[in-house]
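# structural data only, the sequence is not supplied:
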């Protein structure tokens, strides 16, 4: 530190600091590239694609990676057949493309968007829902390294819709995961909307496309799902939905939904517990900006930013709208802390998409990673401070909900058209890594090198009465010095699915560590004398 | 000049195909009886038969103006002027109508149409400061912010006394991300137009935005700047609204509500005002009134979105 200070005072070049996140895409053997079929037609669908998921599809204890492709458009064809990419984690930082062997080809998607992973049939193997236009695909994990398309039998095609992010959660608490698909807008390749900026083709504003209702599919437990969009009230709320996170925001034991929507008011869907939802977005003051404007909500995540034990929400928005932070005071309305948290200052020029609250340095506070990228190629002619390609943002939380931008390495000084962002600890070192997709580029895999030397405690939950993935569980860790609260949420970020395990950053806290788990079933369970720096597999006690 | 007079002139001066002249006569007769559709159709045909005669286009422009079709009228007058570039009265008439039409389009929120009109106006009247100002406005409304900066700069070069162009320049610079330049423009505007409240209002809004992103000096100056605007003109609804928003952000709901009420008294009645007032009322525990304001917000929001479509 002293050397750096002296070099700065003398005006000399500072020695390069090691990156907090090091790009490992090439070293990992990841060579797949995203394609969105962009053509002079500028179909809006091209601008919102690029999903990614961390999940251990073969249950070998190492997180694998899935990238979701976009697709072709009438005048934007690909020279080679398009496909998703499933990379199996070989260990030691290497991945192998097993897409074909896993049965994910030939491609069932027409135009791909995002991924949502969950073990919907509680057989122990994570299954895969891919959203897209004009339908999605559900792949069942056969448990032998392969998948099979069960969309028709399951009834979750979401046909005719432009599905964006999706979330698995157990809304009716029957121990089976249900599926929410955030639908965007009415769209057709046959109905081209042409817009120009100073004579150049650009994407028309989203408001030129009528918003659609999202869909909720109830898991019947026999491999099929019932569309309960109308009965639940979800169908009555059309709008351009892009992001969704499923979490029990009011601690009533039922999992709720926060839906980020693009120039449509965001939704806070409180689960009434009777199969219906009540939209409290307006009452919570999360639907609109303080000026009453429906911002361009893209991604959303939830977590306890200010350490009060309640989940707060962050939503990534358009440039100059600021990525928003809504603090949960335990009653409505929420407190918008976008300005006071300094999120406004840091996010002003960026169009944000994938967004994750994560404790990147394992100090116990939730920080924020957001990936960005504009969709207006001529934006620099409109605003000198905004660029078409934009860098990711890593913001460090001071523990009181105020963020400072962190110089995290070369990737954070480079520019992308980033979209989907997922987090997961792919090398099981207790430090959350990340991966994101950038339009028409190779994806970016980031290894976390910031948490070295800090204590951590990992928890992998397995439900027995509850859904096996324990989505909806609340975990409260009491240490010698503080209490940390985390949730196993459904969905989150944008077009992405994440490592389901929870990592508590402990800093130098010596413990002892005691954990309370509130399972989605309503049961509460204690675990004491947990040892740090390892993952603990905890099963729900059977009645 | 009335359409009838233009028609007479056309009939008197034109050495045109007989059919065109017959059509012009028919148009004249129709216009005398207020049958404008028929007059317009006849003149369109006459103009087609005699494309080099500017007077048919000019007469058609007059008829279209009578029909309440100013955009089409402007197009016909502009076509006539291209054929008769030295016609001073036509030039004057076109310039006035074009500016009036631009103002109408701006009020109606028809910014894309307005931009086309303003661009044509700027091409025909490159030395018109009002035209350059109009172009700046429509470029700004079409998010072509850097081009808007250039247009406003041109307006001020042509007429440095245009206070509205100075305000527009500052706003355009702000929207283009040129906040340092915008502040400089507003500071210069305060000196040059010390009694112009809108400069102070626009500068106050910019300072408020800068305060949101960590500019402590702007945070200190935003409210006093808006108050100084109101000291010059206490009917500036936007200044009241902005002061209300600053008060609400600082947790002073009573002050915020008072400002929102003043904004409403000064004529502001849009969705954002009702939303802000509802939020202030909630914080004061006046929940029924808050709910009523939220209902007003929803109603106006729907109307505004429908209008934008």
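Received it, and whenever you're ready, just let me know what you need. This is a predicted model, so every value here is computed, not measured.
# what helix or strand does the residue lying closest to residue A:98 once chain neighbours are set aside sit in?
Counting by Cβ to Cβ, 6 or more residues apart in numbering or on different chains, residue A:88 is the residue found nearest to residue A:98 once chain neighbours are left out, at 4.5 Å. C-betas here are computed from N, CA, C, even on glycine. For residue A:88, the host element (DSSP states H and E) is strand A:85-91.
# please tell me how far the nearest residue to residue B:111 once chain neighbours are set aside sits from residue B:107.
Spatially, and ignoring its direct neighbours in sequence, residue B:111 is nearest to residue B:141 (3.8 Å; Cβ to Cβ, 6+ apart). Separation of residue B:141 from residue B:107 (Cβ to Cβ, to the nearest Å) stands at 12 Å.
# also residue A:248?
49 Å.
# ok, these two, which is more surrounded?
When residue A:248 and residue B:107 are compared for neighbours, residue A:248 comes out ahead with 22 against 9, by other Cβ atoms under 10 Å in any protein chain shown.
# just checking, that one touches residue A:487?
Yes: contact status for residue A:248 versus residue A:487: in contact at 7.2 Å, counting by Cβ atoms under 8 Å.
# so what sits against both of the two?
Common neighbours of residue A:248 and residue A:487, using Cβ atoms under 8 Å, 6 or more residues apart in numbering or on different chains, are A:311, A:472, A:474.
# residue A:218: which element?
Assigned by DSSP H and E, residue A:218 falls in strand A:215-219.
# sheet partners, orientation included, of that strand?
Sheet pairing of strand A:215-219 (DSSP bridges) gives strand A:178-183 (antiparallel), strand A:225-227 (antiparallel).
# can you tell me which of the shared contacts of residue A:248 and residue A:487 is closest to residue A:126?
residue A:472 (16.4 Å; Cβ to Cβ).
# for the closest one, give me its contacts.
A:169, A:170, A:246, A:247, A:248, A:255, A:466, A:487, A:488, A:490, A:519, A:520.
# now pLDDT and distance to residue B:100 too, for those, in CSV please.
Formatted as CSV, the contacts of residue A:472 follow (pLDDT from 0 to 100; distance: Cβ to Cβ, whole Å):
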residue, pLDDT, distance to residue B:100
A:169, 98, 58
A:170, 98, 63
A:246, 98, 55
A:247, 98, 56
A:248, 98, 59
A:255, 98, 59
A:466, 98, 69
A:487, 98, 60
A:488, 98, 63
A:490, 98, 57
A:519, 98, 70
A:520, 97, 65
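# and those residues, which of them are in strands?
A:169, A:246, A:247, A:487, A:490 (DSSP state E).
# any idea how far chain B is from the first one?
This means residue A:169. Remark: distance between residue A:169 and chain B (Cβ to the nearest Cβ, to the nearest Å) = 29 Å.
# and the longest helix for chain B?
helix B:287-308 (DSSP state H).
# what helices or strands is it leaning on?
Applying 3 or more Cβ pairs under 8 Å, 6 or more residues apart in numbering or on different chains; DSSP states H and E, we find helix B:287-308 packed against helix B:271-283.
# tell me how far the closest residue to residue A:454 other than its chain neighbours lies from chain B.
Nearest residue to residue A:454, sequence neighbours excluded (Cβ to Cβ, 6+ apart): residue A:362, at 3.8 Å. From residue A:362 across to chain B, the span is 28 Å (Cβ to the nearest Cβ).
# picking up where we left off before, could you pull up the mean pLDDT of the strand holding residue A:88?
Mean per-residue pLDDT for strand A:85-91: 98.
# list the buried ones in it?
If you call a residue buried by 16 or more other Cβ atoms under 10 Å in any protein chain shown, then strand A:85-91 has these buried ones: A:85, A:86, A:87, A:88, A:89.
# please apply the same query to stretch A:214-229.
A:214, A:215, A:216, A:217, A:218, A:219, A:225, A:227, A:228, A:229.
# residues of chain A that sit close to chain B?
A:197-198, A:207, A:282, A:285, A:288, A:290-293, A:322, A:333, A:339, A:342, A:344-345, A:348-349, A:381-386 (Cβ under 8 Å from any Cβ of the partner chain).
# for chain B, which spans come out with low pLDDT?
Within chain B, the segments meeting pLDDT under 70 span B:1-16.
# kindly report the same for chain A.
Looking at chain A by pLDDT under 70, you get A:1-16.
# again, only using 80
A:1-17, A:543 (pLDDT under 80).
# where exactly do the helices run in it?
A:2-9, A:25-28, A:151-154, A:229-232, A:281-284, A:343-347.
# single out the most deeply packed of those helices.
Mean neighbour counts were compared across the helices of chain A using mean count of other Cβ atoms under 10 Å in any protein chain shown; the top stretch is helix A:343-347, at a mean of 23.
# how about the strands in the stretch 101-250 of chain B?
With DSSP state E, counting those that start in this stretch, there are no strands along the stretch 101-250 of chain B.
# whichever residue of it sits closest to chain A and residue A:385, how far apart?
Residue nearest to chain A within the stretch 101-250 of chain B: residue B:177 (3.4 Å; Cβ to the nearest Cβ). Remark: distance between residue B:177 and residue A:385 (Cβ to Cβ) = 3 Å.
# the residue nearest to residue B:56 when sequence neighbours are not counted - how many residues pack around it?
Spatial nearest neighbour of residue B:56, chain neighbours left out: residue B:47 (4.1 Å); criterion: Cβ to Cβ, 6+ apart. The tally of other residues near residue B:47 (other Cβ under 10 Å) stands at 25.
# which secondary structure element contains residue B:47?
Per DSSP H and E, residue B:47 falls inside helix B:36-49.
# specify the angle between the helix or strand just after that helix and helix B:36-49 in degrees.
Going down the chain from helix B:36-49, the next helix or strand is helix B:54-66, by DSSP H and E. Taking axes from the mean of the first three to the mean of the last three Cα atoms, to 10 degrees, one finds helix B:54-66 and helix B:36-49 inclined to each other by 160 degrees.
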